[in-house]
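Peer 1: Kindly return the folded structure for what I paste below:
(one chain, ligands or ions: 1)
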Amino acid sequence: MRKINVRTSHPYEVLIERGALAECGKYIANVTKSRKAAVITDDIVEKLHLQTALDSLKKEGFECSVYSFPNGEEAKCLENLGNIYDFLCKSNITRSDIVIALGGGVVGDITGFAAASYLRGVEFVQIPTTLLAQVDSSVGGKTAINIAGGKNLVGAFKQPALVICDSDILKTLPEETLAEGMGECIKYGMIRDEKLFELMESHDLSTVDEIMDEMVYECVDIKRIIVEHDECDRGERMVLNFGHTLGHAIEAWHNYKGIFHGEGVAAGMCMITDRLAPQLSDRLKKVCAAYKLPTGSDIPMKELLPFCSKDKKNEAKDINYIICEEIGKGEIVKVPFTEFCRLMEG
Ligand code: GLY
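Peer 2: Sure, this is the predicted structure:
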């Protein structure tokens, strides 16, 4: 088993092992004295993986209650959060019990926020079931829901008590969901680790399972280092946003429909690299294409740029964007938004 110790304000381990889901009860029993658990999942993951998790939890003596909601980003909302609070209350979950998020980013984000706020904080465990959730959203403590004003606008930093990554679970993912997770993995290689980038270059979407554990380990370890330095996202953690300024703009332009987050990130990484580090462009585009990810966007830059600024009323405001001029060396650059526009339109 691969193990990563995340030394944040509330330290925890990330366990990476094939078949770990079937052993999750044993691992969770090590992080709580309680034998009462609330499992939160979605209807797709429920069908595929819930029983395996429950069997293992029951074997360790856990009494489990389950709340499942329809899969999709729409579920990351206030109404569903309210339903989760009601479920936790009806299940008599106390501050000494444990909440388990079994699912992708949506399940992890809303469950984490419920755990951060219910009874002013209950311990929770992440069992991420998508590649994107394993390498990104389950680690680092960002939890949130969406409101009408925007995505992830209400949330909290709440580090989990444990993260359990089982790469066998990823075999059940649709190809495009696996591919979008690769967008984030390629990002880690670009910003911090050329060897990881080379490992991904030596495979493609059809063979990535061969390197899955090693790749997930390296990506999570990069995130660990960054989060340990900057848990509350005030500086270095921004480097994780490589490709995200334009990626988020592409997602928003599409009104978050018909495009995956990781696809936006891949396109965003390629576009900024094309413009500001063209010497790396071919290599980056080749690896994105190998994982069936976009290497750019047909949307005119003029239409995308307004989605890049958080403060649309103040164009003189600074914008932070990430650039990699060498593979493994991501840097945060801060410029007035108008200058960013000139760079991208130039
Ligand atoms: N997903 C970016 C971060 O955790 O900061």
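
Peer 1: Quick check: neighbours of the host helix or strand of V335 in the sheet, parallel or antiparallel?
Peer 2: Using DSSP states H and E, V335 sits within strand 330-336. When pairing is defined by DSSP bridges, strand 330-336 lines up against strand 318-324 (antiparallel).

Peer 1: how about the most centrally placed residue in the chain, what does it touch?
Peer 2: The central residue of the chain, meaning the one whose C-alpha is nearest the mean C-alpha position (C-alpha atoms, centre = their mean), is S137 at 2.6 Å. Contacts for S137 (C-beta atoms under 8 Å, 6 or more residues apart in numbering) come out as G104, G105, G108, D109, P128. C-betas here are computed from N, CA, C, even on glycine.

Peer 1: Show me what the helix or strand containing the fourth one is packed up against.
Peer 2: According to DSSP H and E, D109 maps onto helix 105-117. For helix 105-117, the elements it packs on are strand 36-42, helix 78-90, strand 98-103, strand 123-128, strand 142-147, strand 150-157, judged by 3 or more C-beta pairs under 8 Å, 6 or more residues apart in numbering; DSSP states H and E.

Peer 1: Can I get the ones you listed in TSV including mean pLDDT and mean neighbour count?
Peer 2: TSV is the format used below for those (pLDDT from 0 to 100; neighbours: other C-beta atoms under 10 Å):
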stretch	mean pLDDT	mean neighbour count
strand 36-42	98	24
helix 78-90	98	16
strand 98-103	98	28
strand 123-128	98	27
strand 142-147	97	21
strand 150-157	95	15
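
Peer 1: Export the ones you listed to CSV and append columns for distance to P278.
Peer 2: Putting these into CSV (distance: least, C-beta to C-beta, whole Å) gives the following:
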stretch, distance to P278
strand 36-42, 41
helix 78-90, 44
strand 98-103, 39
strand 123-128, 35
strand 142-147, 32
strand 150-157, 31
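
Peer 1: Out of the ones you listed, which is closest to the ligand?
Peer 2: The ligand lies closest to strand 142-147 among the helices and strands packed on helix 105-117, at 4.7 Å (C-beta to the nearest ligand atom).

Peer 1: what distance separates the closest one from the middle of the whole chain?
Peer 2: Relative to its parent chain, strand 142-147 has a centroid offset of 12 Å by C-alpha atoms, centre = their mean, to the nearest Å.

Peer 1: quick check, it touching the ligand?
Peer 2: Yes - residues of strand 142-147 contacting the ligand under C-beta under 6 Å from any ligand atom: K142.

Peer 1: could you check the angle helix 78-90 makes with that strand?
Peer 2: Angle, strand 142-147 to helix 78-90, by axes from the mean of the first three to the mean of the last three C-alpha atoms, to 10 degrees: 120 degrees.

Peer 1: which residues touch strand 142-147?
Peer 2: 73, 76-78, 80-81, 108-113, 115-116, 151-158, 233.
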